[in-house]
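K.L.:
need a 3D model of the sequence below.
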Amino acid sequence: MALGGNLNPDDLQKYVGDLNFPAQKDEVASKAEENGAPQEVVDQIKGVDKQEFSNLGDLQSTLGNLL
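P.N.:
As a prediction, the model looks like this:
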């Protein structure tokens, strides 16, 4: 499943890198930005209603539901 255009789950994992979950939405967005995620991805993370992600799968499914 592609997320946000060309973003796939492997890319998302690269962008959040070594982030420890559970993580707050702002932490996830900041880490993605630090790791070179496109602004579109950072904006999608910041724009979700969810405030905390329990793991990478939770983040992937939340972003996937936006598309």
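
K.L.:
what's the distance between residue 53 and residue 39?
P.N.:
For residue 53, the distance to residue 39 (C-beta to C-beta, to the nearest Å) stands at 19 Å. For every residue, glycine as well, the C-beta is placed using N, CA and C.

K.L.:
cool, residue 29 as well?
P.N.:
11 Å.

K.L.:
so those two - more neighbours on which side?
P.N.:
Under the criterion of other C-beta atoms under 10 Å, the comparison of residue 29 against residue 39 puts residue 29 first, with 22 against 9.

K.L.:
which residues does the more buried one contact?
P.N.:
Going by C-beta atoms under 8 Å, 6 or more residues apart in numbering, residue 29 touches 42, 45, 46.

K.L.:
so the first one is in which element?
P.N.:
With secondary structure defined by DSSP states H and E, residue 42 is part of helix 39-47.

K.L.:
helices or strands up against that helix?
P.N.:
helix 25-34, helix 56-64 (3 or more C-beta pairs under 8 Å, 6 or more residues apart in numbering; DSSP states H and E).

K.L.:
kindly recompute the last result at 7 Å.
P.N.:
helix 25-34 (3 or more C-beta pairs under 7 Å, 6 or more residues apart in numbering; DSSP states H and E).

K.L.:
what angle do the helix it packs on and helix 39-47 make?
P.N.:
Orientation check (axes from the mean of the first three to the mean of the last three C-alpha atoms, to 10 degrees): helix 25-34 against helix 39-47 gives 170 degrees.

K.L.:
nothing else from me, thank you.
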